[in-house]
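> build me a model:
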Amino acid sequence: MLSGLAAGAWLGGAEAPTKLVTVGLSPYVISLSMVAGVFVARWTLPTVLKGTGYIFRDLRARAHLVIWAILAGALWAVANTLTVFAIRDVGLSVAFPLWNINSLVGLFWGWFFFNELRGAGARQATKVLGGACAIVLGACLLAYASGQHGIGTPSRATAGILAALGAGLLWGTMYIPYRKAYLSGMNPLSFVTVFTIGELFTMSALALVFHGGLAPLRQELARARPALFWLFLGGFCWVLGDLFQQYAAKYIGIGRGIPLSNTNQLWGLAWGALVFGELHGKGQTTQGLIIAGSIMMIAGAVAISLAEAPPSEQESWRASEWREVQRYQLDRQAPEAATPGEATPAKQGPTRRWWDMIIAVTAVGVFLLLARGARRPPMAISLSWMALLVLAMLGFLVACGTVLWKRTRFS
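You can find the predicted model right below:
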């Protein structure tokens, strides 16, 4: 539960740099730059926390999951690009709740593939289904507000809505490989190191195709040089949020963990409205619809997250785990130990290698190099609100990260 809340804070803040699309930068360059930052972070953080020795042993023990992780990364890259278009057309505060239908998609796949909610009982099922309806109704309110009350032109508002909904569909489907990995006993830190390969290759292909080749893409990247630091930083923040989200999916399932992490829409609304002033000058009707829709969606996510899995449902989860063990001929003890966060076979032997320090130093050097050429974005920003939100995010990072470390040692 704590991991889900921390994920919401960091996933919400990570989308703030994508506002640079409103000052003329290419959506593909923005997404590619963020994915590059994600690539750096997804290798650095697991190396610092566990060491590459641990990561490689974990991957070798569950090699069948490598292709699933690459596929999940490819879905993420396409979805992230769609969010940039959505932010350009309808704004951050409106696009955020719309793509959070990923909680509904994840809820369905969790039930369909992994026996989540089966055996949960009428009371728990009602919480989940009621929360799902609230999320859908909230999304409808936001779509109506963006299309009818002056947020963008009608044609661009429609395109922005469709882009946000498409991102939600892809992100919801992306959680299938997540759940397969954790039912098999893989550590989230191991999963994300391969996940990022699919992200980087897919996003590079999209950018090359839609920019007409390498030369035009290099020109666009050179033009975006003053903003690259902020985009890399957004990717780094996204990885922190996604790691917390991965632990939430591992310990309470995608049907509950993902809706809880979708509290990121409140953070997205706060960044859009308070830092970037997206609601300034809008009519009271528009603001009221946006706020009401966001509150309704959050209430739905909270209702789903409070639907605790009873012992009968947990038996269904174990049946899914046993199915994965039999299908891929895994050691049964490893998933059983990994599920509550205990030691796994991948922890045996040395975990640190001499190149771990090189990876960490290189990552810091990349950020320092980009920071030298960084410029303040040419847009209105409330620095006081930004500082307050950043402090709140850091508070979640320290508090929830400490609890996660004490209880699971990031297993």
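
> which strand or helix spans the residue nearest to residue 103 when sequence neighbours are not counted?
Leaving out its chain neighbours, the residue that sits closest to residue 103 by Cβ to Cβ, 6 or more residues apart in numbering is residue 259, at 4.0 Å. C-betas here are computed from N, CA, C, even on glycine. In the assignment (DSSP states H and E), residue 259 maps to helix 254-261.

> what sits up against that helix?
The contact list for helix 254-261 (Cβ atoms under 8 Å, 6 or more residues apart in numbering) reads 1, 3-5, 7-8, 11, 102-103, 106-107, 109-111, 114, 116-117, 128, 131, 135, 172, 175, 178-179, 241, 244-245, 248-252, 300-302, 304-305, 307, 309.

> buried only: go through those for me.
The neighbour-count test (16 or more other Cβ atoms under 10 Å) marks 3-5, 7-8, 11, 102-103, 106-107, 109-111, 114, 116-117, 128, 131, 135, 172, 175, 178-179, 241, 244-245, 248-252, 300-302, 304-305, 307, 309 as buried among these.

> what's the separation between the residue nearest to residue 103 and residue 195?
Using Cβ to Cβ, to the nearest Å, residue 259 is found at 21 Å from residue 195.

> show me which positions of stretch 50-64 end up buried.
Going by neighbour count (16+ other Cβ under 10 Å), the buried part of stretch 50-64 is 50-55, 57-59, 61-62.

> cool, and stretch 355-365?
By neighbour count on 16+ other Cβ under 10 Å, the buried set for stretch 355-365 is 356, 359, 363.

> again, but for stretch 197-215
Neighbour-count burial for stretch 197-215 flags 197-200, 202-204, 206-207, 211 (criterion: 16+ other Cβ under 10 Å).

> kindly report the same for stretch 273-284.
If you call a residue buried by 16+ other Cβ under 10 Å, then stretch 273-284 has these buried ones: 273-276, 278-279, 282.

> sorry, back to before: so which of the buried ones among the contacts of helix 254-261 are in helices?
Counted as lying in helices by DSSP state H, out of these, are 3-5, 7-8, 11, 102-103, 106-107, 109-111, 114, 128, 131, 135, 172, 175, 178-179, 241, 244-245, 248-252, 300-302, 304-305.

> wait, residue 267 sits on residue 6?
No - Residue 267 is beyond contact range of residue 6, at 11.1 Å (criterion: Cβ atoms under 8 Å).

> okay, the two: which has more neighbours?
Set residue 267 next to residue 6 and count neighbours by other Cβ atoms under 10 Å: residue 6 wins out with 29 against 24.

> give me the contacts around stretch 120-128.
107, 117, 255, 303-304, 306-310, 312-313.

> go with 7 Å
Identification of contacts with stretch 120-128 by Cβ atoms under 7 Å, 6 or more residues apart in numbering yields 107, 117, 255, 303-304, 306-310, 313.

> give me the below-cutoff pLDDT ranges for the stretch 51-200 of the chain.
Scanning the stretch 51-200 of the chain for pLDDT under 70 picks out the ranges 92-93, 143, 146-155.

> can you give me the helices for it?
Here the stretch 51-200 of the chain has its helices, by DSSP state H, counting those that start in this stretch, at 52-61, 66-90, 92-99, 102-114, 122-148, 154-183, 188-210.

> so what secondary structure elements neighbour the helix or strand encompassing residue 215?
Taking DSSP H and E as the definition, residue 215 sits inside helix 214-223. Applying 3 or more Cβ pairs under 7 Å, 6 or more residues apart in numbering; DSSP states H and E, we find helix 214-223 packed against helix 188-210.

> run the angle between the helix it packs on and helix 52-61 for me.
Going by axes from the mean of the first three to the mean of the last three Cα atoms, to 10 degrees, helix 188-210 is angled at 80 degrees with respect to helix 52-61.

> next up, the contacts around the spatially most central residue of the chain.
Nearest to the mean C-alpha position of the chain, by Cα atoms, centre = their mean, lies residue 242 at 4.5 Å. The contact partners of residue 242, by Cβ under 7 Å, 6+ apart, come to 11, 192.

> kindly report the same for residue 82.
Contacts of residue 82 (Cβ under 7 Å, 6+ apart): 163, 166-167.
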